[in-house]
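Visitor: Below are the sequence and a predicted model for it; my questions follow.
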Amino acid sequence: MPLLSLTIRQRLPLFISLSALLILLLEGYFIYAFSVRFCEQEFRGRIQARLAEADALISTDRQHPLHAINELPSGDLPEENIFYITDPRQLVLPNGNQLLGQIVDTNQFHTCTFCFAHSGQRDYGIHHDSLTHSTLIVSAIDRYGQSKLLNLRIGILLGILLGVLLLTLVSWFWVKKMLQPVADKISKARIIGAKSLNLRLNVKNNYDELGQLALTFNEMLDRIEQGFYIQQQFIRNASHEIRTPLTAITTEADLALQQDRSPKIYQQALENIRVQAENLNELVTQLLLMAKVETKINLPEQPPIAADEVMLLAFKTLQAKYPLAGQLTHLQIEASDASAFLVRCDSTLLQAAFFNLLDNAIKYGNNQPVSVRLFILGQSLCLEVIDRGLSIPADELKRVFEPFYRIGSNSHISGSGIGLSLVKSIAEKYGGSIRLASQASQGTTAQFTLPAWM
């Protein structure tokens, strides 16, 4: 079964077991290697003691070494053999087919007091006398040490297998127990849909990873629910606003077609239809611009544009909509250098922002003069629009930036309630800001800023 097809609950015990197996094998190897070395050194120490004992006995009677060896008391080395020879290279080992010189370098006998070799199961201790050129050899089989090492090997292997098995079972239990909250949260998350966005995941511990995951997921659901609510409100308001001019157009056309009328009445009906169509076109344009701004997609890098030229285009559009705008508006552009008005912004969006601020000032200005000033404020471009018309109540000053929100006292004036919301979105998208200040009987001041291009 491929690992990718396994769940985390299955993979974790598997990885833990494999890791434990590897660690225990390495640990068992070092324990066994250390034990082998210890047994070897311990047994060679016993052989060396036997060699010293035999050499001490031989030294009492150099003329008869073999007789001295025969007089040597029995030792505790298993299957002990003692040799006393003049040429160790010719010594045939007990296995009958191998010379001692084939397993040990006899030339080193002159450099070491006691030399050791191993062949088959036997260990050999060698003591060479450099004066007499005789060699004393003691060999034995470490039956007890080999038995201990065999038992140790079996114990290590069984311990590793049992340990890995128990660890697998324990890890399976604890992984299942620890991941059960995740399974519960997955089940809960699967039932959350568009009609149940109010549901949230349970949080038992705010400090562990699962608690943080649940909190983060709940925060995401909060944002989704808020965005979903705003989207629903937007769709309802947009549908209502679009339906209003469409209904007016349909009604006007139906009334005109009910019976024959004079050319003047037909002309008036067509004029009313044109006005409603323009309102509808303006509304759709505003909605499309808002959708463009709120897509949250970073627009491609654009060359800087001249804000004063965009301002003049917006003012020209304003004059086309309001013939008296040229007389009511005092436009003032202040800059020591034309390059000071360069900003990085989509020209269509910037023109829409400028136009909406001017349009609001004329629309709600109560036919009073409007002051428009484009200037540099610190490191920012600033458009200041001051009207002396209808003021905005203090409790509604922040709400005017909500899409489709309209002040109750101004509901008799045609509008969609999108303008200021669009201006705010454009300003925030390009790192700027929009501020409103309004006082009763003194009108409203709007300041729109964008970072100047340097």
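Guide: Here it is on my side, so go on.
Visitor: Distance of residue 359 relative to residue 366?
Guide: According to Cβ to Cβ, to the nearest Å, residue 359 and residue 366 sit 15 Å apart. For the C-beta atoms, the positions are set from N, CA and C on the backbone; glycine is no exception.
Visitor: Actually, residue 257.
Guide: From residue 257 to residue 366 the distance is 38 Å (Cβ to Cβ).
Visitor: out of residue 359 and residue 366, which sits in the busier spot?
Guide: Shown here are residue 359 and residue 366; by other Cβ atoms under 10 Å, residue 359 has more neighbours (21 against 11).
Visitor: Quick one: neighbours of the nearest residue to residue 134 once chain neighbours are set aside, just the number.
Guide: Excluding its sequence neighbours, the residue lying closest to residue 134 (Cβ to Cβ, 6 or more residues apart in numbering) is residue 86, at 5.6 Å. Residue neighbour count, defined by other Cβ under 10 Å, stands at 9 for residue 86.
Visitor: Next one: residue 146 from residue 40, what distance?
Guide: 11 Å.
Visitor: sorry, that was for residue 156
Guide: Taken as Cβ to Cβ, the span from residue 156 to residue 40 is 18 Å.
Visitor: Helix or strand: which one has the residue of the chain positioned farthest from its centre?
Guide: Within the chain, the residue lying farthest from the chain centre (Cα atoms, centre = their mean) is residue 63, at 88.1 Å. For residue 63, there is no host helix or strand (DSSP states H and E).
Visitor: for it, phi and psi?
Guide: Backbone torsions for residue 63, taken as degrees, to the nearest 10, come to phi -80, psi -30.
Visitor: ok, now residue 78?
Guide: The phi/psi pair for residue 78 (degrees, to the nearest 10) reads phi -70, psi 130.
Visitor: go on, residue 337?
Guide: Dihedral angles of residue 337 (phi, psi; degrees, to the nearest 10) stand at phi -140, psi 140.
Visitor: burial count for it?
Guide: Using other Cβ under 10 Å, residue 337 has 8 neighbouring residues.
Visitor: how close does residue 382 get to residue 418?
Guide: According to Cβ to Cβ, residue 382 and residue 418 sit 23 Å apart.
Visitor: what about residue 346, neighbour count?
Guide: Counted with other Cβ under 10 Å, residues neighbouring residue 346 total 18.
Visitor: try residue 29
Guide: Residue 29, neighbours per other Cβ under 10 Å, totals 11.
Visitor: Could you check how far it is from residue 72?
Guide: For residue 29 relative to residue 72 (Cβ to Cβ), the value is 40 Å.
Visitor: Please apply the same query to residue 287.
Guide: As for residue 287, its distance to residue 72 is 114 Å (criterion: Cβ to Cβ).
Visitor: cool, residue 41 as well?
Guide: In terms of Cβ to Cβ, residue 41 sits 24 Å off from residue 72.
Visitor: Compare those two (neighbour count), which wins?
Guide: Legend: neighbour count by other Cβ under 10 Å for residue 41 and residue 72, higher for residue 72 (15 against 10).
Visitor: Checking the more buried one next. Helix, strand or coil?
Guide: Three-state call for residue 72 (DSSP: H, G, I helix; E, B strand; the rest coil): coil.
Visitor: ok, it - contacts?
Guide: Contacts for residue 72 (Cβ atoms under 8 Å, 6 or more residues apart in numbering) come out as 53-54, 57, 82.
Visitor: at 10 Å instead, please
Guide: Contacts for residue 72 were tallied using Cβ atoms under 10 Å, 6 or more residues apart in numbering; they are 50, 53-54, 56-58, 80, 82.
Visitor: can you redo the residues you listed as JSON lines with pLDDT and secondary structure?
Guide: Converted to JSON lines, those look like this (pLDDT from 0 to 100; DSSP: H, G, I helix; E, B strand; the rest coil):
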{"residue": "50", "pLDDT": "87", "secondary structure": "helix"}
{"residue": "53", "pLDDT": "85", "secondary structure": "helix"}
{"residue": "54", "pLDDT": "84", "secondary structure": "helix"}
{"residue": "56", "pLDDT": "82", "secondary structure": "helix"}
{"residue": "57", "pLDDT": "82", "secondary structure": "helix"}
{"residue": "58", "pLDDT": "80", "secondary structure": "helix"}
{"residue": "80", "pLDDT": "85", "secondary structure": "coil"}
{"residue": "82", "pLDDT": "84", "secondary structure": "strand"}
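Visitor: And the buried ones among these, selectable in ChimeraX?
Guide: Only the buried entries of the contacts of residue 72 go into this ChimeraX selection, using 16 or more other Cβ atoms under 10 Å:
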select :50,54,57,58,82
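Visitor: Work out the gap between the strand or helix carrying residue 374 and the centre of the chain.
Guide: Assigned by DSSP H and E, residue 374 falls within strand 370-377. Here the centre of strand 370-377 is set off from its chain's centre by 46 Å, with Cα atoms, centre = their mean, to the nearest Å.
Visitor: Could you number the chain from 13 rather than 1 from now on?
Guide: Renumbered: residue one is now 13, and that last one reads strand 382-389.
Visitor: one step back: ok, the residue nearest to residue 146 touching residue 148?
Guide: No. Using Cβ atoms under 10 Å, residue 98 makes no contact with residue 148, being 11.1 Å away.
Visitor: Quickly list what's touching both of the two.
Guide: Common neighbours of residue 98 and residue 148 (Cβ under 10 Å, 6+ apart) do not exist.
Visitor: so how far is residue 330 from residue 353?
Guide: Applying Cβ to Cβ, the value for residue 353 to residue 330 is 19 Å.
Visitor: In the stretch 363-466 of the chain, mark out all the helices, start to finish.
Guide: In the stretch 363-466 of the chain, the segments counted as helices under DSSP state H, counting those that start in this stretch are 431-441.
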